[in-house]
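Enquirer: give me the fold of what follows.
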Amino acid sequence: MLTSPIEPSLDPSLRVLSLPLTALYEAPVPIGALAGLPAGMLDIASANLLIAATPCDPPLFGMKMEDACTRFGRDVMLVRTGLFPETMNPVTVDVALVGPDAPFTMIDLVFMRRRDDSLWLVPQRAGAFVEIRGDGLALQTTPPFVTWDERCDGVCRAAAEIVRIVTYRRGR
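Expert: Numbers count the residues shown, from 1 in each chain. You can find the predicted model right below:
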């Protein structure tokens, strides 16, 4: 099981990154802290994506995420895990997508795993949707679900995956 692009990690925030990383075609390149974003930032060149995880709550890193998106011309995904991902703390995701004039920022998204195994980021209430594909993030206006129950099933499926990823090294 991939727990880190470099080596197995005990840090639950970094371990949660294996969920979106499995949807991407290319192995990430670790670049450390970049432009004021969390240490452990990863670069996936083929997806035009910078991705990091943090246990910190918003608004920390919010403006830095937009700055990095503008400065490097890359989409930025920040996974917020808390200290106990999906067991005590809900995992949320903030994204800054490269736009024509400025980054398009979406915050407080949650992972959703569809039955066809595709991985999505969906808003808590209303808004656009982000598909995590092998070639990067794709903004969609059509939801990846038909009913609210289908959405809830997909969100629960992703949450269960996160719990398995985080507890794997603890021998559970």
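
Enquirer: which parts of the helix ranked longest in the chain are buried?
Expert: In the chain, assigned by DSSP state H, the helix with the most residues is helix 148-167. For helix 148-167, a neighbour-count test (16 or more other Cβ atoms under 10 Å) marks 151, 153, 154, 155, 158, 159, 161, 162, 163, 165, 166 as buried. C-betas here are computed from N, CA, C, even on glycine.

Enquirer: which of those sits closest to residue 27?
Expert: Nearest to residue 27 among these is residue 165, at 17.3 Å by Cβ to Cβ.

Enquirer: okay, now the sheet partners of the strand ranked longest in the chain, with direction.
Expert: With secondary structure taken from DSSP state E, the chain has its longest strand at strand 104-113. In the sheet, strand 104-113 lines up against strand 92-97 (antiparallel), strand 119-123 (antiparallel) (DSSP bridges).

Enquirer: now the helix or strand of the chain with the lowest mean pLDDT: buried residues?
Expert: Ranked by mean pLDDT, DSSP states H and E, the helix or strand of the chain with the weakest confidence is strand 29-32, at a mean of 84. Using 16+ other Cβ under 10 Å as the test for burial, strand 29-32 gives no buried residues.

Enquirer: other SSEs contacting it?
Expert: If you count contacts as 3 or more Cβ pairs under 8 Å, 6 or more residues apart in numbering; DSSP states H and E, strand 29-32 packs onto strand 41-44.
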